[in-house]
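Participant: just coords:
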């Protein structure tokens, strides 16, 4: 399971021109699910996102997590994160989870993150063409990869 985590001052996601999720200060998390990913990985990755210390303290050091700041998270499904570009110029998606499994694990990740943060987590729409806007704060961006059982 992969999360591309961006510290943002604001972010939103639209489907067919309608904003379906938006946040101010917090994290935009683009989430990809591999075919062998598990619920345990979703839980571990949600915990890592909530506790990742990438927000500045009074000295300007990255010492605070989303939980410390009271910020929000916006989670957008993005299967292309699991694409394999190691051979040639056309990505392969053979390692991407099938849609039903990916959606279930995506929803499990969102529910776990919401529980950890103690607030609802707005999301993108699984399987939809989406437009994502963000103001990356810093910029600060991290690639979190929760290894699967075969990794």
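Facilitator: Everything's here; your move. Small disclaimer: the values here were computed from a predicted structure and weren't measured.
Participant: and the gap between residue 83 and residue 60?
Facilitator: 36 Å (Cβ to Cβ, to the nearest Å). Where you see a C-beta, it was placed from the backbone N, CA and C, and this is true even at glycine.
Participant: let me see the contact set for the residue nearest to residue 117 when sequence neighbours are not counted.
Facilitator: Spatially, and ignoring its direct neighbours in sequence, residue 117 is nearest to residue 50 (6.0 Å; Cβ to Cβ, 6 or more residues apart in numbering). By Cβ atoms under 8 Å, 6 or more residues apart in numbering, the contact set of residue 50 is 65-67, 73, 113, 116-117.
Participant: quick one: these as JSON lines, columns for pLDDT, neighbour count and distance to residue 28 too.
Facilitator: Below are these laid out as JSON lines (pLDDT from 0 to 100; neighbours: other Cβ atoms under 10 Å; distance: Cβ to Cβ, whole Å):
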{"residue": "65", "pLDDT": "97", "neighbour count": "17", "distance to residue 28": "16"}
{"residue": "66", "pLDDT": "97", "neighbour count": "25", "distance to residue 28": "11"}
{"residue": "67", "pLDDT": "96", "neighbour count": "16", "distance to residue 28": "17"}
{"residue": "73", "pLDDT": "98", "neighbour count": "26", "distance to residue 28": "8"}
{"residue": "113", "pLDDT": "98", "neighbour count": "26", "distance to residue 28": "13"}
{"residue": "116", "pLDDT": "97", "neighbour count": "18", "distance to residue 28": "17"}
{"residue": "117", "pLDDT": "97", "neighbour count": "20", "distance to residue 28": "14"}
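Participant: noted, bye for now.
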